[in-house]
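J.: everything below, folded, please.
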Amino acid sequence: MRIYYRGPDALVTDEHFIWKTKTPRAVAVRELRNIGLARGETTHGLSATTIAVGTATIALAVTGWLLFGTGLGYGLIAGALAGMTLTLATWQKRHVRSWELRATLRGTPITLFSSLDERSFNQVTRALRRAVEEEQRARSARRLAAA
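T.: Next up, the predicted model:
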């Protein structure tokens, strides 16, 4: 078995393409048809960490108010609210472009592989191209031997 690419995200051999996700997906190279590239788009919003830090800031301001009195408490709450307002005012959804490798498997269109890293995506794509070319050569050789 010849290995064309082995990385943290995928494994491409002369027989199989394996996308290493939480639930790895393996497909036979000989069953893939209509392989093509596409650009996907992923939207990233506020992270759970940002929300947690904002909530903790307000909780600390309220605690400061209770411990140090209303004079300092108003200042702490005003600062926390100003910080949260500034964060929300400057926050925008980020659109991240992903690279997708799509194919048809037994008549069903599938996303064979997807990555945000262009370099690793290109390496996986080249490896799959070599595996498909090798499969086509082997298929052609089998036909000649049978004739």
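
J.: for T21, phi and psi?
T.: Here is the backbone geometry of T21 (degrees, to the nearest 10): phi -120, psi -170.

J.: and the most centrally placed residue in the chain, bridged to which residues?
T.: Nearest residue to the geometric centre of the chain (CA atoms, centre = their mean): S115, 5.2 Å. S115 forms beta bridges with W99, as assigned by DSSP bridges.

J.: does it touch S98 like I think?
T.: Yes: using CB atoms under 8 Å, S115 is in contact with S98, at 6.6 Å. Heads up, the C-betas are built off the backbone N, CA and C, glycines and all.

J.: give the buried residues for the longest helix along the chain.
T.: Longest helix in the chain by number of residues (criterion: DSSP state H): helix 118-146. For helix 118-146, burial by neighbour count (16 or more other CB atoms under 10 Å) applies to 120-121, 123-125, 127-128, 131-132, 134-135.

J.: now the two most distant members of those residues.
T.: S120 and E135 (22.5 Å; CB to CB).

J.: quick one: contacts of stretch 104-112?
T.: 17, 19, 27, 31-35, 100-103, 128 (CB atoms under 8 Å, 6 or more residues apart in numbering).

J.: buried subset of those as a ChimeraX selection?
T.: Of the contacts of stretch 104-112, the buried ones can be selected in ChimeraX as follows, counting by 16+ other CB under 10 Å:
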select :17,19,27,32,35,101,102,103,128
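
J.: which residues of the chain score low on pLDDT?
T.: 41-51, 88-96, 143-147 (pLDDT under 70).

J.: backbone phi and psi for R106, please?
T.: Here R106 shows phi and psi, under degrees, to the nearest 10, equal to phi 50, psi 40.
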